[in-house]
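> Attaching a predicted model along with its sequence, questions to come.
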Amino acid sequence: MYFGSVRFFKHLILATVLLIIAGLISAIVWALLLNEDLRSQIALLKPIDVITKQSESLNYQTLYPEMLATLPDEYSEDPNTIYLTFDDGPSARTAEILDILKEKNVKATFFVTGKTSEADKAILKRIVAEGHAIGIHTYSHKYNKIYASVETYLEDFNRIYTLIYETTGVKADIGRYPGGSINQFNSLIYTEISCEMIRRGFTYYDWNASAGDATGNASKNTVLSNSINSVGAKNRAILLMHDSLNKAPTVAALPEVIDSLIAKGYAFDKLTNKIRPINFDYKE
């Protein structure tokens, strides 16, 4: 009898093996066909278009090809050093600040904006002639405009970069973002702007001490106390101060700020792109 015999079971095993092999072959063929279909779909996506679109989004890298600087191979950190920085000038107060710095034999850094009168240009030249550092604080200082996109930031930056160079012969390679490198106006694009400026070789500086003179209710005493207290016992400090017509309290306090910090053992210097930056950290 065939059914249930040894011969039957041999044929059954053989048939099972053949079915398994056929199933595996079918699965492989199906997978290959599916893979080919996926390839066809991917090909329809034209990945080269994706790359092109990404490149197009970085077209700002081709703007203003002469607006370049050179980053140092390494940064230096001078201990017990204060870097006085003045934002927003030149102004009617800049000459007064320069007079004090000259009297105290102190060098400082001026992050300037786009002022184009002959008097303002003369101040820019004096800043450089007296050995101070000149940096970029954007041309317009209009937050909504400059932080609208990377392109608008570069356009504004290039205007002041060109103005400084044509006026003083200096190709400024340091800068400070209005409001600092991270603020409510640039929160969506600050990384992209910073990466582009670093790619171009520019170094930007925030601060870790402040005179607190940005508000209209600052006085000589508050500027002095804020400056001394915010420097504290820091090993090095970039001190934020402002240079505009209404900053008479800053000018009045400046000699005592300098004398008090010297008495605490600090030296003063200007920023160059070789000085290790102090930058804000982004916090969610």
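Everything's here; your move.
> mind listing the strands in the stretch 1-150 of the chain by residue range?
Assigned by DSSP state E, counting those that start in this stretch, the stretch 1-150 of the chain shows strands spanning 81-87, 109-112, 133-136.
> Figure out which of these is closest to residue 173.
strand 133-136 (8.3 Å; Cβ to Cβ). Just so you know, the C-beta spots here come from the backbone N, C-alpha and C atoms, and that holds for glycine as well.
> check contacts around residue 128.
Residues near residue 128 by Cβ atoms under 8 Å, 6 or more residues apart in numbering: 134, 168, 169, 170.
> Out of those residues, who's the most crowded?
residue 134 (21 neighbours; other Cβ atoms under 10 Å).
> That residue against residue 124, yeah?
Yes. Contact criterion Cβ atoms under 8 Å: residue 134 and residue 124 qualify, at 6.8 Å.
> what about the stretch 1-150 of the chain, any weak spots by pLDDT?
Low-confidence segments of the stretch 1-150 of the chain (pLDDT under 70): 1-57.
> Recalculate using a threshold of 50.
Applying pLDDT under 50 to the stretch 1-150 of the chain flags residues 9, 27-56.
> now the helices for it?
Assigned by DSSP state H, counting those that start in this stretch, the stretch 1-150 of the chain shows helices spanning 6-45, 47-57, 94-104, 118-129, 143-146, 150-168.
> that older thread, tell me, what's touching residue 134 and residue 124 both at once?
Common neighbours of residue 134 and residue 124 (criterion: Cβ under 8 Å, 6+ apart): 112, 164, 168.
> Closest one of those to residue 187?
If you rank these by distance to residue 187 using Cβ to Cβ, residue 112 comes first, at 25.2 Å.
> Contact partners for the closest one?
Residues in contact with residue 112 (Cβ under 8 Å, 6+ apart) are 88, 89, 90, 124, 127, 134, 135, 136, 137, 160, 164.
> quick one: the first one and residue 244 touch, right?
Yes. Residue 88 is within contact range of residue 244, at 5.0 Å (criterion: Cβ under 8 Å).
> Many thanks, we can stop here.
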